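# Let's see this in three dimensions:
(one chain, ligands or ions: 1)
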Amino acid sequence: MAAEKLKGEGNTMFTKGCWAEAAAKYGEYITLLFRDEESKEAQSKLVIGYSNRAETWLKLKKYVQAHDDCERALEYDPTHLKSWGRKARALEGLFLHLDAARTYRKLLQGFTLSASEKSWMKEALMISETKDRQSRWGIIEQDMDEKWEKADPGPELLASAPNLEEYVGPIRIGRTQKMGRGLFVTRNVGEGDLLLVSNIWTSNRFTMESETMPLDNALYTLQQSVEEIVNEAKENLQDLTHLQRLIQLDTLGGPYPDDLLLRDAPPMRYFKPVNSLERGGWRVTDEDRKHPALTNTFDRPFITKVILEKQLYHHGPKLLEISELYVLPSLMNHSCVPNVSTITLNNGKRSRIFRATRSIRAGEELFRAYHNILCPVDERRILHGKQNCECQRCTLELKLLREVSLLNYVAGECGDLAIENENENMWNCSTDVKQNVRTRSMTLLTAINDLFVHVSNLANLDDVKQDWIRASLTRFGRILLDPAIRMLPEVTFEQIQERDKLLVHVILAALTVDRASEVALSMCSGIATEEAPNIFNPVTDSMEEHLEAQVLLDCARRIVELSYGSGLKSQTIFNIVKSYAGRLKDLPF
Ligand SMILES: C[S@@+](CC[C@H](N)C(=O)[O-])C[C@H]1O[C@@H](n2cnc3c(N)ncnc32)[C@H](O)[C@@H]1O
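Here you go, the predicted structure:
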């Protein structure tokens with residue numbers, strides 16, 4: 001009688017939506033019945049007790065417990081339909097889609113079902129099969145609409161957003177020379193190939209609004225949230241496994257570059273979705289749950305030392321934020337020449353889809369852009385935070401900048417030359433002076449040309465890039481020399497230099513956006529080469545200036561068109577290029 005009362009109380013709690021209380025009551029009911037476990041009557045009641053409690057675990061999203069309770073119920077009564085249905089739902093919750101699909105199929109074939117049972121099970125079977133295909137083969141809808149990428153799609157869109165499972169494509173974790181661990185492709189992939197689909201692990205945000213906010217407050221918020229995550233994870237097998245991966249990865253902490261190089265690359269198997277318990281799927285044991293990493297790691301000193309320090313190190317005291325933590329993608333390094341694009345679907349799981357933006361050969365490292373890469377190197381350095389960006393493009397551009405400062409020196413010489421002669425009208429001055437100016441200018445021009453050859457050899461660029469850089473920098477040098485040659489003191493070197501630096505940045509940005517932009521690059525190269533003779537001649541006709549501005553704008557437009565698909569929004573690229581073009585246009589040349 002006492003048992004029946006407990007069950008009734010459990011049911012009442014369940015109807016009220018008090019899931020935890022209901023689970024507790026069913027627990028007491030089970031304990032009481034257990035005393036008489038041998039009796040058939042108690043056993044049939046235990047089936048109900050376990051099965052009802054499984055439903056409350058499902059409501060609480062505690063799928064391990066739900067699965068275990070269904071198994072127990074089915075041990076007593078292998079024909080108990082509700083327990084089978086709940087077990088299938090628990091398997092879905094655990095991302096074991098193949099097992100869930102098998103269970104639904106078994107139910108549809110071997111049980112007498114009502115029309116409504118048949119209908120929801122068929123639907124559930126289809127969903128499990130789709131998710132299994134997604135997570136094993138990366139077969140996802142190709143026509144993802146941009147509307148899902150909105151920061152706030154609103155409840156209606158969110159409700160119908162595609163529900164993606166995690167997928168791990170041809171990827172391995174490896175060590176890099178300067179950036180710690182990184183992700184590499186294991187076979188040749190083509191432009192647009194799907195590499196990875198990852199769902200968010202946590203999106204907690206901790207923002208310290210002002211520099212004056214006491215660190216202790218921020219720390220407290222941080223600690224609370226991390227503790228919440230850990231406690232939640234301890235209850236859930238899937239999250240626990242993820243948490244262990246994160247701890248193994250140490251992506252939550254260890255800000256310092258030296259320390260990064262020492263970290264191990266964890267085994268890839270940790271990240272593969274598990275499709276079936278039967279295929280050697282994981283089981284987190286009680287021992288695992290007691291792992292010191294889980295019980296001790298997230299204590300206050302750990303958070304203070306590692307997470308907080310990391311955030312402060314990267315962002316300074318203004319911003320303290322952990323947001324959007326993804327497990328495997330956290331191992332992908334940044335490059336300003338990315339070969340991977342990212343789309344984040346606003347579907348509740350904030351699924352991130354990673355695709356190749358160009359063909360990538362087996363063994364090459366994968367890079368995504370952590371921030372806007374369509375800006376000059378000095379602006380990118382700020383975006384990159386304290387650590388210098390070690391990517392190929394920044395390395396090249398920083399070397400170029402150093403070379404440009406040499407050019408400044410040469411330009412200074414030209415300036416002196418121009419000032420020396422500024423009161424003279426070049427076209428009326430004596431042949432000797434004219435000759436002198438021309439000779440010195442030509443000597444400098446040759447010196448600059450040599451420098452450019454050196455510059456373009458700095459990185460092992462392919463022919464197209466070399467040609468272009470040579471063409472554009474030669475042009476740069478010639479324009480620098482123009483005032484000396486043309487005796488136009490009203491145009492300052494700074495203005496001219498600024499103009500051409502901007503041009504270099506536009507093209508370098510385009511060069512590095514994606515493969516399609518290399519086409520833009522070679523077009524620009526063609527344009528630059530064609531333009532070179534005009535630029536070398538004194539510009540006398542305002543129509544030519546106009547045309548040149550048009551050429552630049554045209555380049556910008558083509559870059560925008562061609563770099564679509566790079567993962568960056570075309571509007572973003574367009575705005576950046578437009579701002580360059582606008583600035584170029586305003587300069588007097
Ligand atoms: C999201 S993690 C990437 C995985 C990291 N390499 C690791 O071993 O854990 C970001 C960290 O990787 C390093 N990193 C990524 N891209 C880099 C780049 N372009 N230049 C220098 N360091 C980079 C930085 O230390 C950065 O804080």
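# So which elements touch the strand or helix carrying Ala73?
In this assignment (DSSP states H and E), Ala73 forms part of helix 63-76. Applying 3 or more CB pairs under 8 Å, 6 or more residues apart in numbering; DSSP states H and E, one finds that helix 63-76 contacts helix 40-59, helix 81-93, helix 237-249. In short, each C-beta sits where N, CA and C put it, glycine included.
# can you list contacts of the second one?
This means helix 81-93. For helix 81-93, contacts defined as CB atoms under 8 Å, 6 or more residues apart in numbering pick out 47, 50-51, 54-55, 57-58, 61, 63-64, 66-67, 69-71, 73-74, 77, 97, 99-100, 103-104, 106-107, 111, 113, 117, 121, 124, 127-128, 131, 238.
# Report the contact partners of Cys389.
Cys389 touches His334, Ser335, Cys336, Arg380, Arg381, counting by CB under 8 Å, 6+ apart.
# Distance-wise, check the third one relative to Tyr326.
I take that to be Cys336. Going from Cys336 to Tyr326 by CB to CB, to the nearest Å gives 21 Å.
# higher neighbour count, these two?
For Cys336 versus Tyr326, neighbours defined as other CB atoms under 10 Å are more numerous around Cys336 (28 against 25).
# so what pLDDT did that one get?
Per-residue pLDDT puts Cys336 at 79.
# Same check on Leu243?
Taking Leu243 on its own, its pLDDT is 66.
# before we move on, the earlier item: what mean pLDDT does the helix holding Ala73 get?
For helix 63-76, the per-residue pLDDT averages 92.
# And for that helix, what's in contact with it?
In contact with helix 63-76 (CB under 8 Å, 6+ apart) are residues 43-44, 46-48, 50-51, 53-55, 57-58, 80, 83-84, 86-87, 89-91, 93-94, 235-238, 284.
# Tell me how far the nearest residue to Gln43 once chain neighbours are set aside lies from Asp36.
In space, and not counting its chain neighbours, Gln43 is closest to Tyr76: 4.8 Å by CB to CB, 6 or more residues apart in numbering. Tyr76 sits 13 Å away from Asp36, going by CB to CB.
# More neighbours: those two, which one.
Tyr76 (20 against 13).
# Distance-wise, check the more buried one relative to the ligand.
48 Å (CB to the nearest ligand atom, to the nearest Å).
# Relative to Leu107, how far out is that residue?
Tyr76 is 18 Å from Leu107, by CB to CB.
# next one: Glu166
Counting by CB to CB, the gap from Glu166 to Leu107 is 26 Å.
# give me phi/psi at Ser160?
phi -110, psi 10 (degrees, to the nearest 10).
# ok, it - contacts?
If you count contacts by CB under 8 Å, 6+ apart, Ser160 has none.
# Show me the shaky parts of the chain.
Along the chain, segments meeting pLDDT under 70 span 1, 141-153, 202-264, 270, 274-324, 373-378, 386, 396-397, 399-589.
# Closest residue of it to the ligand?
Nearest residue of the chain to the ligand: Gly180, at 2.8 Å (CB to the nearest ligand atom).
# burial of that residue, as a residue count?
A total of 20 residues lie near Gly180 under the criterion other CB under 10 Å.
# Got phi/psi on it?
The phi/psi pair for Gly180 (degrees, to the nearest 10) reads phi 70, psi -130.
# Tell me how far it lies from Cys394.
Applying CB to CB to Gly180 and Cys394 gives a distance of 17 Å.
# Glu92 now?
Going from Glu92 to Cys394 by CB to CB gives 45 Å.
# repeat for Lys59
In terms of CB to CB, Lys59 sits 51 Å off from Cys394.
# Looking at these two, which one has more neighbours?
A side-by-side neighbour count of Lys59 and Cys394, using other CB under 10 Å, places Cys394 first with 21 against 15.
# and the more buried one, that's in a strand?
No: under DSSP: H, G, I helix; E, B strand; the rest coil, Cys394 falls outside any strand and is assigned helix.
# Contacts only, for it.
By CB under 8 Å, 6+ apart, the contact set of Cys394 is Cys336, Val377, Arg380, Arg381, Asn388.
# now, which of these lie within strands?
Using DSSP state E to define strands, no part of the contacts of Cys394 is located there.
# farthest-separated two in these?
Cys336 and Asn388 (11.8 Å; CB to CB).
# What is the host helix or strand of Thr342 packed up against?
Assessed by DSSP H and E, Thr342 sits inside strand 340-345. Applying 3+ CB pairs under 8 Å, 6+ apart, one finds that strand 340-345 contacts strand 351-356, strand 367-368.
# of these, which approaches Ala265 most closely?
Closest to Ala265 of the helices and strands packed on strand 340-345 is strand 367-368 (CB to CB; 16.5 Å).
# The closest one pairs with which strands, parallel or anti?
Partner strands and pairing direction for strand 367-368 (DSSP bridges) are strand 333-334 (parallel).
# which residues touch the strand it pairs with?
176, 179-180, 182-183, 365, 367-371, 384, 389, 391.
# now do stretch 37-56
Taking CB under 8 Å, 6+ apart as the rule, stretch 37-56 contacts 3, 7, 10-11, 14, 19-20, 22-23, 26-27, 29-30, 33-34, 36, 65-67, 69-70, 72-73, 76-77, 80, 82-83, 86-87, 90.
# Stretch 12-19 too?
For stretch 12-19, the external contacting residues (CB under 8 Å, 6+ apart) are Glu21, Ala22, Lys25, Asn52, Glu55, Thr56, Lys59, Leu60.
# can we see that at 7 Å?
Glu21, Ala22, Lys25, Thr56, Lys59, Leu60 (CB atoms under 7 Å, 6 or more residues apart in numbering).
# Could you give the secondary structure assignment for Leu183?
Here Leu183 is recorded as strand under three-state DSSP.
# neighbours of it, just the number please.
25.
# can you check the one 3 residues further on too?
For Thr186, the number of neighbouring residues by other CB under 10 Å comes to 13.
# Just give the nearest non-adjacent residue to it, would you?
Using CB to CB, 6+ apart, the closest residue to Thr186 is Pro170 (4.4 Å).
# what's around the one you found, how many residues?
17.
# Check the gap between it and Phe367 for me.
For Pro170, the distance to Phe367 (CB to CB) stands at 16 Å.
# next one: Ser330
From Ser330 across to Phe367, the span is 14 Å (CB to CB).
# If you count surrounding residues, which of those two has more?
Phe367 (22 against 18).
# from memory Gly182 sits against Arg172, does it?
No: the pair Gly182 / Arg172 is not scored as a contact, 9.9 Å apart, by CB atoms under 7 Å.
# who touches both of these two?
Here Gly182 and Arg172 have no joint contacts, going by CB under 7 Å, 6+ apart.
# Those two: which is more packed in?
Neighbours per residue (other CB under 10 Å) separate Gly182 from Arg172, with Gly182 holding more: 21 against 14.
# how near is that one to Leu60?
38 Å.
# what's the distance between Phe184 and Arg172?
Counting by CB to CB, the gap from Phe184 to Arg172 is 5 Å.
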